[in-house]
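S.K.: A predicted structure for the sequence below; I have some questions about it.
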Amino acid sequence: MHDEIDAYLQHLTVIRGLSEKTVEAYGSDLLFFRDFMTELGGNLASVDEHTLFLYLVHLRRKGLKNTSLARNLSSLRGFFDHLVQERVLTGSPAALLDSPKLSRRLPDVLSRDEVTALLARPDTSDRLGFRDRTMLELLYACGLRVSELVSMTAQDFDPQTGLMRVLGKGSKERFVPLHDGAVGFLLDYLRRWRPLFGPKCDEAFLNRSGLGLSRQGVWKMIRRYALEAGISRTVSPHTLRHSFATHLLEGGADLRTVQILLGHSDIMATEIYTHVQSARMIALHRKFHPRA
């Protein structure tokens, strides 16, 4: 099974263009399944629906939760579908297995007042504070992932159109508009403050040594400012991304637009925010229906 797994992971990297971390996660799941089959004394041809059911029971006994079970089953489905397409197998043994039901946890978001308080915390009179304020502005203005923020370069922003080029998961490119306030901070940072860091790389946001920031560094920065702003719960870069999407929907944006801005390839990933649309729909119904 080792050769088939290697070929599938190469397919995910080269043909599907998935990120390195995603491919590593698929590989980890599939190698774990291969070890399970080795213990059973079976091979690829002997895998059937019953075998996969036993495997899921095996994972459950090891303490894996529904989210991990669902991810493992998704990895196996993709693997066996690929083998069917390559005519290694005539049918997928995973086709009829149901994924464990997952509870939909609503994303934690900041209120608009909390966002305002957070953005106001950095001291913009020095290079570090101005850099931090600019990063916070971009995270909230564009709904960026932290990996997208730390990898961006000065060339990714076009001041003529006001659009930011974002390289997302799987090297998928999207363009996100910036509002005037964020544009002002970004241009001022790039022209006036970034040269003071003594740049040694192309990344836009630099540490004291002139090198690109790490994701962990951005996370710690946001956490520190959140505490200073009086926000006691955990705030991460993704909290600002969730807040970006939620506030857009509250303002009347449609789900498809938010999907494009977030860089979600599947609308299902964006539908976690539908609770916002539902709340807005109820409020509008109560406000405008003649008998509400």
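M.R.: Received the coordinates, thanks.
S.K.: now the strands for the chain?
M.R.: Using DSSP state E, the strands of the chain run over residues 157-158, 163-167, 173-177.
S.K.: adding distance to Leu262, write those out as JSON lines.
M.R.: In this view, the C-beta of every residue, glycine as well, is placed from N, C-alpha and C. Listed next are the strands of the chain as JSON lines, based on distance: least, Cβ to Cβ, whole Å:
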{"stretch": "strand 157-158", "distance to Leu262": "18"}
{"stretch": "strand 163-167", "distance to Leu262": "10"}
{"stretch": "strand 173-177", "distance to Leu262": "9"}
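S.K.: okay, and the helix or strand of this structure with the least pLDDT?
M.R.: Least confident helix or strand, the chain: helix 274-288 with a mean of 65, by mean pLDDT, DSSP states H and E.
S.K.: what's around the nearest residue to Glu49 once chain neighbours are set aside, how many residues?
M.R.: Using Cβ to Cβ, 6 or more residues apart in numbering and skipping residues adjacent in sequence, the residue nearest Glu49 is Pro93, 5.2 Å away. When neighbours are defined as other Cβ atoms under 10 Å, Pro93 has 20 of them.
S.K.: next, count neighbours for Ala25.
M.R.: Neighbour tally, Ala25, other Cβ under 10 Å: 16.
S.K.: so it versus Ala70, what's the distance?
M.R.: 13 Å (Cβ to Cβ, to the nearest Å).
S.K.: and Glu114, by the same measure?
M.R.: The value you get for Glu114 to Ala70, if Cβ to Cβ is used, is 32 Å.
S.K.: pull the contacting residues for Glu137.
M.R.: Leu119, Gly181, Ala182, Phe185, Leu186 (Cβ atoms under 8 Å, 6 or more residues apart in numbering).
S.K.: pLDDT wise, what is the closest residue to the third one other than its chain neighbours at?
M.R.: This means Ala182. Closest residue in space to Ala182, ignoring its immediate chain neighbours: Ala141 at 3.9 Å, by Cβ to Cβ, 6+ apart. Ala141 is assigned 94 on the pLDDT scale.
S.K.: same question for Asp35.
M.R.: 91.
S.K.: can you count the residues close to it?
M.R.: 11.
S.K.: from Ala229, how far off is it?
M.R.: Distance from Asp35 to Ala229, by Cβ to Cβ: 48 Å.
S.K.: flag the shaky bits of this structure, pLDDT-wise.
M.R.: 98-107, 267-268, 271, 274-285, 289, 292 (pLDDT under 70).
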